[in-house]
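Enquirer: give me a 3D structure for the following:
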Amino acid sequence: MIAYLPERGFAMSRRCELTGKSVMTGNNVSHANNKTRRRFLPNLVNVTLTSDALEQSIRLRVAAAALRTVEHRGGLDAFLMKEKEANLSAKAALLRKQIAKKLAETPAAA
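Expert: Numbers count the residues shown, from 1 in each chain. As a prediction, this is how the structure comes out:
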(Lines give C-alpha, C1' and ligand atoms only; values in the text may rest on other atoms or scores of the structure.)
Protein backbone atom coordinates (compact mmCIF):
# COMPACT_ATOMS: atom_id res chain seq x y z
CA MET A 1 0.00 0.00 0.00
CA ILE A 2 1.34 3.41 -0.91
CA ALA A 3 1.05 6.06 1.80
CA TYR A 4 -0.52 9.44 1.07
CA LEU A 5 1.45 12.46 2.23
CA PRO A 6 -0.45 15.79 2.13
CA GLU A 7 2.61 17.86 1.22
CA ARG A 8 3.89 15.52 -1.55
CA GLY A 9 0.92 13.44 -2.68
CA PHE A 10 1.61 9.72 -2.70
CA ALA A 11 4.91 8.45 -1.31
CA MET A 12 6.99 6.52 -3.81
CA SER A 13 8.18 3.06 -2.90
CA ARG A 14 11.44 1.64 -4.18
CA ARG A 15 9.62 -0.72 -6.54
CA CYS A 16 9.57 -0.98 -10.33
CA GLU A 17 6.09 -0.21 -11.66
CA LEU A 18 6.44 -2.68 -14.54
CA THR A 19 8.32 -5.71 -13.21
CA GLY A 20 7.76 -5.45 -9.46
CA LYS A 21 11.50 -5.55 -8.75
CA SER A 22 12.04 -4.15 -5.25
CA VAL A 23 14.54 -3.81 -2.42
CA MET A 24 16.42 -6.92 -1.31
CA THR A 25 18.37 -7.37 1.91
CA GLY A 26 21.61 -9.14 2.63
CA ASN A 27 24.92 -8.86 4.43
CA ASN A 28 28.11 -6.90 3.99
CA VAL A 29 30.81 -9.47 4.71
CA SER A 30 34.23 -8.18 5.79
CA HIS A 31 37.57 -9.91 5.32
CA ALA A 32 37.26 -11.00 8.96
CA ASN A 33 33.85 -12.50 8.10
CA ASN A 34 31.94 -9.90 10.15
CA LYS A 35 28.40 -9.59 8.84
CA THR A 36 26.36 -6.39 8.90
CA ARG A 37 22.92 -6.00 7.33
CA ARG A 38 22.54 -3.99 4.14
CA ARG A 39 19.95 -3.24 1.46
CA PHE A 40 20.30 -3.84 -2.29
CA LEU A 41 18.29 -1.11 -4.02
CA PRO A 42 16.95 -1.50 -7.57
CA ASN A 43 18.26 0.92 -10.20
CA LEU A 44 15.05 2.95 -10.64
CA VAL A 45 14.73 5.72 -13.22
CA ASN A 46 11.86 8.07 -14.03
CA VAL A 47 10.99 7.63 -17.70
CA THR A 48 8.30 8.73 -20.13
CA LEU A 49 7.15 5.88 -22.35
CA THR A 50 4.80 6.22 -25.31
CA SER A 51 1.77 3.99 -25.78
CA ASP A 52 1.04 3.39 -29.46
CA ALA A 53 -2.51 2.18 -28.83
CA LEU A 54 -3.51 5.10 -26.58
CA GLU A 55 -1.37 7.62 -28.51
CA GLN A 56 -0.14 9.29 -25.33
CA SER A 57 2.96 9.48 -23.14
CA ILE A 58 3.02 7.88 -19.70
CA ARG A 59 5.45 8.69 -16.87
CA LEU A 60 6.60 5.64 -14.93
CA ARG A 61 9.28 4.79 -12.38
CA VAL A 62 10.93 1.63 -13.68
CA ALA A 63 14.13 -0.35 -13.21
CA ALA A 64 16.85 0.09 -15.83
CA ALA A 65 16.61 -3.64 -16.64
CA ALA A 66 12.88 -3.23 -17.27
CA LEU A 67 13.62 -0.59 -19.92
CA ARG A 68 15.69 -3.15 -21.83
CA THR A 69 12.85 -5.67 -21.54
CA VAL A 70 10.29 -3.13 -22.80
CA GLU A 71 12.44 -2.48 -25.88
CA HIS A 72 13.04 -6.22 -26.39
CA ARG A 73 9.32 -7.03 -26.31
CA GLY A 74 8.49 -4.31 -28.83
CA GLY A 75 7.36 -1.32 -26.80
CA LEU A 76 5.20 -0.48 -23.81
CA ASP A 77 1.95 -1.90 -25.20
CA ALA A 78 3.46 -5.30 -26.05
CA PHE A 79 5.24 -5.45 -22.70
CA LEU A 80 2.11 -4.74 -20.68
CA MET A 81 0.03 -7.29 -22.60
CA LYS A 82 2.63 -10.03 -21.96
CA GLU A 83 3.40 -9.18 -18.31
CA LYS A 84 1.51 -10.82 -15.44
CA GLU A 85 -0.88 -8.42 -13.78
CA ALA A 86 0.41 -9.42 -10.32
CA ASN A 87 3.79 -7.81 -11.12
CA LEU A 88 2.31 -4.51 -12.28
CA SER A 89 1.61 -1.49 -10.08
CA ALA A 90 -1.94 -0.16 -9.83
CA LYS A 91 -1.11 2.55 -12.38
CA ALA A 92 0.39 0.05 -14.85
CA ALA A 93 -2.50 -2.42 -14.37
CA LEU A 94 -5.01 0.33 -15.18
CA LEU A 95 -2.94 1.26 -18.22
CA ARG A 96 -2.94 -2.38 -19.33
CA LYS A 97 -6.74 -2.51 -19.14
CA GLN A 98 -7.05 0.69 -21.18
CA ILE A 99 -4.68 -0.67 -23.85
CA ALA A 100 -6.53 -4.01 -24.00
CA LYS A 101 -9.84 -2.17 -24.43
CA LYS A 102 -8.41 0.04 -27.17
CA LEU A 103 -6.89 -2.92 -29.01
CA ALA A 104 -10.19 -4.80 -28.81
CA GLU A 105 -12.01 -1.82 -30.38
CA THR A 106 -9.51 -1.31 -33.21
CA PRO A 107 -9.98 -4.62 -35.15
CA ALA A 108 -13.78 -4.32 -34.86
CA ALA A 109 -13.74 -0.93 -36.57
CA ALA A 110 -11.56 -2.15 -39.48
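Enquirer: tell me which element the residue lying closest to residue 103 once chain neighbours are set aside falls in.
Expert: Taking Cβ to Cβ, 6 or more residues apart in numbering, and ignoring the residues beside it in sequence, residue 103 has residue 53 as its nearest neighbour in space, at 5.6 Å. Glycine gets a C-beta too; all of them are placed from N, C-alpha and C. Residue 53 belongs to no helix or strand when assigned by DSSP states H and E.
Enquirer: how far away is residue 53 from residue 71?
Expert: Remark: distance between residue 53 and residue 71 (Cβ to Cβ, to the nearest Å) = 17 Å.
Enquirer: the more surrounded of these two?
Expert: residue 53 (20 against 11; other Cβ atoms under 10 Å).
Enquirer: show me the contacts for the nearest residue to residue 75 once chain neighbours are set aside.
Expert: If you skip the residues right next to it in sequence, residue 75 has residue 52 as its closest partner in space, 6.2 Å away by Cβ to Cβ, 6+ apart. With contact taken as Cβ atoms under 8 Å, 6 or more residues apart in numbering, residue 52 is in contact with 75-77.
Enquirer: show me the shaky parts of the chain.
Expert: Applying pLDDT under 70 to the predicted model, the residue ranges of the chain that meet it are 1-11, 108-110.
Enquirer: where along it do the helices fall?
Expert: With DSSP state H as the definition, the chain shows helices at residue ranges 64-73, 76-82, 90-109.
Enquirer: against which helices or strands is the first one packed?
Expert: Read it as helix 64-73. With contacts defined as 3 or more Cβ pairs under 8 Å, 6 or more residues apart in numbering; DSSP states H and E, the secondary structure elements packing on helix 64-73 are strand 44-51, helix 76-82.
Enquirer: what is the last one packed up against?
Expert: Based on contacts counted as 3+ Cβ pairs under 8 Å, 6+ apart, the elements that helix 76-82 packs against are strand 44-51, helix 64-73, helix 90-109.
Enquirer: check the longest one too.
Expert: Counting by 3+ Cβ pairs under 8 Å, 6+ apart, the packing neighbours recorded for strand 44-51 are strand 56-63, helix 64-73, helix 76-82.
Enquirer: perfect, I'm done here.
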